[in-house]
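Participant: have a look at this prediction, sequence included:
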Amino acid sequence: MAEVEATRDGSVLTITLNRPEKLNAFTRTLHEELHAALEAARDPGVRAVVVTGAGRGFSAGQDLGAFSEGGDVASMLRATYHVNVMAIRSLEKPVIAAVNGVCAGAGLSLACACDIRLASDAAFFVPGFVGIGLVPDSGGTYFLQRLLGTPRAFEWMTSNRRLTAAEAHAWGLVSDVLEADSFSAGVAERAAALAAGPTRAIALTKRLYDEAGTSTLEEQLEREAEAQAEAAQTDDFREGVAAFGEKREARFSGS
Ligand code: LHQ
């Protein structure tokens, strides 16, 4: 059985981490299959991506059985987690982490690397790393500092406290909490809405927010001007303005 499954529904690609018996903990095979799925997501016909987990977990992070085999940890991180985190950030379309259940360690980092996090009310969040004497990796310091601010991120990541979905929402870690019973349907609805959006403008917005973290105001104003010039050349801009004038819903093509 594949450790990652990718299914297409119209222009939405859903990538499911699929080791439910181990709460979708990462193995090298899972990393490789996740990478292949993220490559497939580059197909221009895909306009939104969902990453989720099979069973009661999103991901419990590194498979600790595989890790105990030892080896060069830094090289392993570079060859596996880093590649997939960068693949998500460089994907020119929105990526939703649909956090269906427990989310820990590098699974938490992966969720934070996505553009949007939706949580099931059955989900909970555990730092994990400090529990086994490690530091947050796979973007766990980078993204959590931006999402939560340094004081809260540091306190949480060093406490190893289990956070409920409601607490994660109150902290701004997740955008929304949906009922477990209708989670898949709720996520599919959000993903379809994003996939029906002006995909080029959404991709440019993603890039601008990534750049904003390290830009001066002057640099960022210039980047926005350049991105806007690009967005203004798209069919979707023309369609958006036409739809506004005709008082109808825009039908964006993603081009
Ligand atoms: C697992 C795992 C798991 C294997 C549950 N591995 N089997 C680190 C090292 C080096 C380089 C790369 O980067 C990293 C990054 C990291 O991600 S470090 C952090 C690794 N993750 C953790 O430390 C979390 C470990 N897991 C837990 O603390 C708990 O399982 C959580 C809080 C996630 C869930 O607790 P429960 O809901 O009570 O579930 P459970 O503990 O009963 O787990 C269910 C099964 O999944 C169980 O297997 P079993 O055969 O006994 O039913 C666990 O052994 C297995 N599992 N996490 N990371």
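Facilitator: Arrived safely.
Participant: rest of the way, CA atoms for contacts and neighbours
Facilitator: Will do.
Participant: list the contacts of the closest residue to Ala201 other than its chain neighbours.
Facilitator: Spatial nearest neighbour of Ala201, excluding adjacent residues (Cα to Cα, 6 or more residues apart in numbering): Ala231 at 5.7 Å. By Cα atoms under 8 Å, 6 or more residues apart in numbering, the residues touching Ala231 are Arg200, Ala201, Leu204, Phe237.
Participant: and the third one, how many neighbours?
Facilitator: Other residues within reach of Leu204 by the criterion other Cα atoms under 10 Å amount to 20.
Participant: now it: which helix or strand?
Facilitator: According to DSSP states H and E, Leu204 maps onto helix 199-212.
Participant: from the contacts of Ala231, pick the one nearest Tyr81.
Facilitator: Taking Cα to Cα as the measure, Tyr81 lies nearest Leu204 of these, at 24.3 Å.
Participant: thought Ala192 was touching Arg8?
Facilitator: No - Ala192 lies out of contact with Arg8 (Cα atoms under 8 Å); the separation is 11.5 Å.
Participant: mind checking which of those two has more residues around it?
Facilitator: When Ala192 and Arg8 are compared for neighbours, Ala192 comes out ahead with 18 against 12, by other Cα under 10 Å.
Participant: what does this structure have sitting close to the ligand?
Facilitator: Within the chain, the residues that sit near the ligand (Cα under 6 Å from any ligand atom) are 21-23, 25, 60-65, 67, 73, 77, 102, 104-106, 128-129, 132.
Participant: which among those count as buried?
Facilitator: Among the residues of the chain next to the ligand, the ones that count as buried by 16 or more other Cα atoms under 10 Å are Leu23, Ala25, Ala60, Gly61, Gln62, Asp63, Val102, Ala104, Gly105, Ala106, Gly128, Phe129.
Participant: adding pLDDT and distance to Val50 as columns, could you present those residues in a markdown table?
Facilitator: A markdown table is the format used below for these (pLDDT from 0 to 100; distance: Cα to Cα, whole Å):
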| residue | pLDDT | distance to Val50 |
| --- | --- | --- |
| Leu23 | 98 | 18 |
| Ala25 | 98 | 18 |
| Ala60 | 98 | 18 |
| Gly61 | 98 | 18 |
| Gln62 | 97 | 21 |
| Asp63 | 97 | 22 |
| Val102 | 98 | 17 |
| Ala104 | 98 | 18 |
| Gly105 | 98 | 20 |
| Ala106 | 98 | 17 |
| Gly128 | 98 | 23 |
| Phe129 | 98 | 25 |
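Participant: distance check, Leu221 against Leu208.
Facilitator: 10 Å (Cα to Cα, to the nearest Å).
Participant: more neighbours, the two?
Facilitator: More neighbours surround Leu208 than the other of Leu221 and Leu208, with 17 against 14 (other Cα under 10 Å).
Participant: hmm, the more buried one is touching Glu224, no?
Facilitator: Yes - applying Cα under 8 Å, one finds Leu208 in contact with Glu224, separated by 7.0 Å.
Participant: now the helices for the protein?
Facilitator: Per DSSP state H, the chain carries helices over the ranges 28-40, 64-67, 73-79, 81-90, 106-113, 140-148, 150-159, 165-171, 183-195, 199-212, 217-231, 235-245.
Participant: who's in contact with Ala168?
Facilitator: Phe125, Val174 are the contacts of Ala168 under Cα under 8 Å, 6+ apart.
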